[in-house]
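A.B. asks: my questions are about this predicted structure, shown below with the sequence.
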Amino acid sequence: MGVPFEALIPYGIMLAMFGVSGAALSKIRHMQNGDKRPRHSLDAWDKQMMDRDRRLTGFLRGQSDTVRAPAGFELSNPWRMEPTMT
């Protein structure tokens, strides 16, 4: 005795929706990452360089080959000054 194919339609719809939502989430992550593949296992150096790139270009994974830093880069220093003792 066979299974009527009408009983399998909801499973096909659910499988298709899981595939569509997974592909959409993957594409959104790819677009948010500057159209580059996501990075894994970042250490402190990588995070520091990615923060520098973000301050230089405005994008976390953006890179610039210009010789001079853009105007205002000297004011975006991530290091904070110690309060002076008076």
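C.D. replies: Received the coordinates, thanks.

A.B. asks: show me what contacts the residue nearest the centre of the chain?
C.D. replies: What sits nearest the mean C-alpha location of the chain, by CA atoms, centre = their mean, is residue 33, with 3.4 Å. Contacts for residue 33 were tallied using CB atoms under 8 Å, 6 or more residues apart in numbering; they are 60, 61. To be clear about C-beta, it is placed using only N, CA and C from the backbone, and glycine gets the same treatment.

A.B. asks: per-residue confidence at it?
C.D. replies: Listed pLDDT for residue 33 reads 83.

A.B. asks: domain boundaries for the protein, per the record?
C.D. replies: Per the record, the chain has its domains at 10-39, 41-76, by automatic domain parsing.

A.B. asks: with distance to residue 2 as added columns, please give those in JSON lines.
C.D. replies: Shown next, in JSON lines, are those (distance: least, CB to CB, whole Å):
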{"stretch": "domain 10-39", "distance to residue 2": "16"}
{"stretch": "domain 41-76", "distance to residue 2": "50"}
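
A.B. asks: compare those and say which comes out lowest on pLDDT.
C.D. replies: domain 41-76 (a mean of 82).

A.B. asks: give me the helices and strands touching whichever helix in the chain runs longest, please.
C.D. replies: Counting residues, the longest helix found in the chain (DSSP state H) is helix 9-32. Contacts defined by 3 or more CB pairs under 8 Å, 6 or more residues apart in numbering; DSSP states H and E place helix 9-32 against no helix or strand at all.

A.B. asks: quick one: contacts of it?
C.D. replies: Residues from elsewhere that reach helix 9-32 (CB under 8 Å, 6+ apart): 36, 37, 38.

A.B. asks: how about stretch 63-70?
C.D. replies: 53, 56, 57.

A.B. asks: ok, now which ones touch the first one?
C.D. replies: Contacts here follow CB under 8 Å, 6+ apart; on that basis residue 53 touches 59, 60, 61, 62, 63, 64.
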